[in-house]
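Peer 1: below: sequence and its predicted model.
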Amino acid sequence: MPKYAPLLLVFLLVGCGTTAPDGEREAAERAVFPGDYERDVYPFEVRDADGEPYDHPFTGGFNHPRPQFVDINGSGYPDLFVQEQTNQLMFFENVPDGDGGRTLEWRTDRFQDLLVGEWFRFVDPQDDGVFDLITESPFNYIRYFQNTGTAEAPELTLVSDTLRDVHGEPIFSDRQNIPNIADIDCDGLPDLFLGRLDGTITRFKAQGFDVDGVPQFDLVTNRFEDIEIITQFGTLAHGANSLAFEDYDGDGNIDLFWGDFFEPSLLLIENQGRCGAPDFRTQPQVFPPNDPVSSSGYNAPALVDWTGNGIKDLFVGVLGGAHDPNSTLDANFLFYEAESTDSYQLKTETFLRTINIGSESTAAFGDLTGNGARDLLLANRIDPENRQTSTVHFFANEGTASDPSFQYRGPLDLPEVYDYAPTLGDLTGNGELDLVLGTWRGELLVYKNDGLDDDGIPRFVKDESHELETPRGNTSIPTLVDLNGNGLLDIVTGASIGRVYLFENEGTAEEPSFALREEAFDNVKLDRRSAPAFFDVDGSGTLDLILGSEGDGLVLHRNIGSAQAPVWAPADPLPIDAPRYATPVFVDLFDTGQPALVMGGRGGGLVYFGPRQQVLARN
């Protein structure tokens, strides 16, 4: 394998977080973190195992997408909204692709900064093409956002934090269930339907609209059409559910689709009545009829004529139910193309093609192929294809140091262990990057670089001379960094209990020896699950500590000491929209001296924040 000690030095200086020398760039050109950093879903090309580019590579991945298609801007084409995280509503706009077709383009992770809780539904209660929005109001109630703008320029305004019935009573809606609004009896007034955990449906009927245009609902029945969804799961069971109403067969009657926690398929309850006299007293049928959905359960349906043939196609977000949800951590956005109302063809299990390797991803960057460009290792908590282990995946950078382009090559050959967390650095002084792996048991495993195999995938051999383990907590998430300025790489690791630990390198550049210095981060602690990264935030020449967390975003501890003897200031939350279980790493992939922030997270993909001027220049 080629040697590249000069490049390694650059990796250690830039990848670990120092800024470029003042002589190289003017201070005015240097991006200030985090204020000058911008989210980018499309920073560079990443290709899958077949060489096909991911359409939306840096969405962060999806574990349980909740989709809905809505023409939100009056363009005549359906846009896509997806919820993956609490209180976050992703928006993909349907735009021309430049070749006479259409494509979806990511616009934001937080559409109009709306607080949507655990679920959302765009609704059109007055059937005028102007969409309002209902969402979960914590806990177990309904928020109502009215569109105070227009069909072309929507402005969603909160008009009711808790939707109430005509008697002033708050309408209770189990937060595990996704309700819906539809005018099923063709009287011009919307009906509100709430699926219950016992498999029944509560129906409210609008009696009109208030002065703000909000429907005024009154309870009709707690057992709509005597529907009770019971699925076979060892014993009879019913649970969390998702409701959708669509006239899928074009007969003028709105039909009901039901996804249940205990049901691996999607259920159709067909309306066999007529306009003004609906009749849902029919046996639920699995759907589609020729090729029923079969997943881990809790399927959230969305129907829209995506292909333009006049028949509604079927999309399913798999939220993960009672049938091994780990099996659908990466294949959970199904697209069935409708050839007729009786024949649907499964086109893909990943409609939004993005980097997605399962869940709780952790990244490491470094030149492992010797071409001068930094490659990517990406690990998950558990592998959806082999649920006895996690996997470290290798993406080769086939571009250059300043123009990255990644191709997936395959997994590393490693023993079966859960929660692998990789970090790279030269621990033997030979100019080749070695590997340190954290695991769910709190271990820190050291692997020496052994070149590339015949498929161009890095090989690593375990160094049995190191037996390292975090003293308390598990799920070690390490990073290699020269913390005391002596030219040797130390190991700093996070843990499930939120602590941070230092294993100081007391050896040499050729033969490291690590000793626990538990007091080094005594005043640094999160509530749960810390993931450390280092970056010179303020350009002072010392490395500051940035911590990813389970649910509290990114936290900064400034180094108020020196490069040789760091002292950590109290925690300061960072205004960066980090995913849950964020695992940050700073890396300069464009050779500008200004590293980007790349984060793994619960969705199993990657989120990218680059210096704003770089992002704007590429987009």
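Peer 2: All right, it came through fine. Numbering: from 1, shown residues only.

Peer 1: next helix or strand past the least confident helix or strand in the chain by mean pLDDT?
Peer 2: Every helix and strand in the chain was compared by mean pLDDT, DSSP states H and E; the lowest is helix 5-10, with a mean of 34. Sequence order places strand 37-39 as the next helix or strand after helix 5-10, per DSSP states H and E.

Peer 1: check the average confidence over that next one, would you?
Peer 2: Mean per-residue pLDDT for strand 37-39: 97.

Peer 1: from here on, call the first residue 53.
Peer 2: Renumbered: residue one is now 53, and that last one reads strand 89-91.

Peer 1: which strands and helices lie in contact with it?
Peer 2: If you count contacts as 3 or more CB pairs under 8 Å, 6 or more residues apart in numbering; DSSP states H and E, strand 89-91 packs onto strand 658-663, helix 664-670. To be clear about C-beta, it is placed using only N, CA and C from the backbone, and glycine gets the same treatment.

Peer 1: quick check: buried residues in the longest one?
Peer 2: Residues 664, 666-667 are the ones in helix 664-670 that count as buried (16 or more other CB atoms under 10 Å).

Peer 1: I'd like those residues laid out as JSON lines, including pLDDT and distance to E602.
Peer 2: Formatted as JSON lines, the buried residues of helix 664-670 follow (pLDDT from 0 to 100; distance: CB to CB, whole Å):
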{"residue": "R664", "pLDDT": "94", "distance to E602": "28"}
{"residue": "Q666", "pLDDT": "90", "distance to E602": "30"}
{"residue": "V667", "pLDDT": "92", "distance to E602": "27"}
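
Peer 1: and for the host helix or strand of A352, what's in contact with it?
Peer 2: A352 is located in strand 351-356, with elements delineated by DSSP H and E. Residues outside strand 351-356 that contact it (CB atoms under 8 Å, 6 or more residues apart in numbering): 117-121, 130, 230, 294, 296, 298, 300, 309, 311, 315, 317-318, 345, 364-371, 373.

Peer 1: so what are the sheet partners of it and their directions?
Peer 2: strand 365-370 (antiparallel) (DSSP bridges).

Peer 1: make a markdown table out of the helices and strands packed on strand 89-91 and add distance to P436.
Peer 2: Converted to a markdown table, the helices and strands packed on strand 89-91 look like this (distance: least, CB to CB, whole Å):
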| stretch | distance to P436 |
| --- | --- |
| strand 658-663 | 17 |
| helix 664-670 | 31 |
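
Peer 1: of all those, which one is nearest G613?
Peer 2: Closest to G613 of these, according to CB to CB: strand 658-663, at 26.9 Å.

Peer 1: how far away from the center of its chain is that closest one?
Peer 2: Centroid separation between strand 658-663 and its chain, computed with CA atoms, centre = their mean, to the nearest Å, is 13 Å.

Peer 1: which of the buried residues of helix 664-670 sits closest to M651?
Peer 2: V667 (15.4 Å).

Peer 1: residue contacts, E558?
Peer 2: Counting by CB under 8 Å, 6+ apart, E558 has contacts 565-567.

Peer 1: again, 6 Å this time
Peer 2: Going by CB atoms under 6 Å, 6 or more residues apart in numbering, E558 touches 565, 567.

Peer 1: and stretch 264-272, how far from the chain's centre?
Peer 2: On CA atoms, centre = their mean, the centre of stretch 264-272 falls 35 Å from that of its chain.

Peer 1: no wait, stretch 160-170
Peer 2: 14 Å.

Peer 1: so which residues of the stretch 153-302 of the chain form strands?
Peer 2: Counting by DSSP state E, counting those that start in this stretch, one finds strands in the stretch 153-302 of the chain at the ranges 154-160, 172-175, 184-189, 193-199, 208-212, 232-234, 243-247, 253-261, 267-273, 283-285, 287-289, 293-298.

Peer 1: how about residues contacting the fourth one?
Peer 2: Same thing as strand 193-199. Residues contacting strand 193-199 (CB under 6 Å, 6+ apart): 182-187, 189, 206, 208-215, 222-223, 225, 265-266.

Peer 1: what do you get for stretch 159-172?
Peer 2: 135, 139-143, 145, 187-188, 190, 208, 227, 230.

Peer 1: got a markdown table for the residues you listed, with distance to V168, pLDDT and neighbour count too?
Peer 2: Below are those laid out as a markdown table (distance: CB to CB, whole Å; pLDDT from 0 to 100; neighbours: other CB atoms under 10 Å):
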| residue | distance to V168 | pLDDT | neighbour count |
| --- | --- | --- | --- |
| Q135 | 6 | 98 | 25 |
| N139 | 6 | 96 | 16 |
| Q140 | 7 | 97 | 19 |
| L141 | 5 | 98 | 25 |
| M142 | 11 | 98 | 25 |
| F143 | 12 | 98 | 19 |
| E145 | 18 | 98 | 16 |
| T187 | 4 | 98 | 22 |
| E188 | 7 | 97 | 25 |
| P190 | 11 | 91 | 12 |
| L208 | 10 | 98 | 22 |
| R227 | 12 | 93 | 16 |
| I230 | 11 | 97 | 28 |
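
Peer 1: using a markdown table, lay out these together with distance to E450.
Peer 2: Formatted as a markdown table, these follow (distance: CB to CB, whole Å):
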| residue | distance to E450 |
| --- | --- |
| Q135 | 34 |
| N139 | 38 |
| Q140 | 33 |
| L141 | 35 |
| M142 | 29 |
| F143 | 32 |
| E145 | 30 |
| T187 | 43 |
| E188 | 44 |
| P190 | 47 |
| L208 | 43 |
| R227 | 46 |
| I230 | 42 |
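
Peer 1: in stretch 573-590, which residues are buried?
Peer 2: Here stretch 573-590 shows 573, 576, 578, 581-589 as buried, counting by 16+ other CB under 10 Å.

Peer 1: one more: stretch 471-489?
Peer 2: 471-480, 482-489.

Peer 1: again with stretch 451-470
Peer 2: Within stretch 451-470, the residues that count as buried by 16+ other CB under 10 Å are 451, 453, 456, 458-461, 463-464, 466, 469-470.

Peer 1: from the contacts of stretch 159-172, which single one is nearest A561?
Peer 2: Closest to A561, out of all of the contacts of stretch 159-172 and judged by CB to CB, is Q140, at 44.5 Å.

Peer 1: what angle do the strand holding A352 and strand 293-298 make?
Peer 2: Inter-element angle recorded for strand 351-356 and strand 293-298: 20 degrees (by axes from the mean of the first three to the mean of the last three CA atoms, to 10 degrees).

Peer 1: neighbours around the residue nearest to G653 when sequence neighbours are not counted, how many?
Peer 2: Excluding its sequence neighbours, the residue lying closest to G653 (CB to CB, 6 or more residues apart in numbering) is P631, at 2.9 Å. Other residues near P631 come to 26 when the count uses other CB atoms under 10 Å.

Peer 1: what's near enough to touch P631?
Peer 2: Counted by CB under 6 Å, 6+ apart, P631 has contacts 112, 653-654, 659.

Peer 1: try 7 Å
Peer 2: 112, 137, 651, 653-655, 659 (CB atoms under 7 Å, 6 or more residues apart in numbering).

Peer 1: ends of stretch 580-597, what's the gap?
Peer 2: 17 Å (CA to CA, to the nearest Å).

Peer 1: for that stretch, what is the distance to the chain centroid?
Peer 2: Using CA atoms, centre = their mean, the offset of stretch 580-597 from its chain centre is 24 Å.

Peer 1: list the contacts of that stretch.
Peer 2: In contact with stretch 580-597 (CB under 7 Å, 6+ apart) are residues 68-71, 82, 85, 527, 529, 531, 533, 544, 546-548, 550-552, 576, 598-602, 608-611, 614-615, 618, 620, 633-638, 647.

Peer 1: can you tell me which of those are classed as buried?
Peer 2: 68-71, 82, 85, 527, 529, 531, 533, 544, 546-548, 550-552, 576, 598-602, 608-611, 615, 618, 620, 633-638, 647.

Peer 1: so of the residues you listed, which ones are in strands?
Peer 2: 529, 531, 533, 544, 546, 552, 598-600, 608-609, 635-638 (DSSP state E).

Peer 1: which of the contacts of stretch 159-172 sits closest to E157?
Peer 2: Looking across these and measuring by CB to CB, the closest to E157 is E145, at 5.2 Å.

Peer 1: list the contacts of that closest one.
Peer 2: Counting by CB under 7 Å, 6+ apart, E145 has contacts 131, 157, 159.
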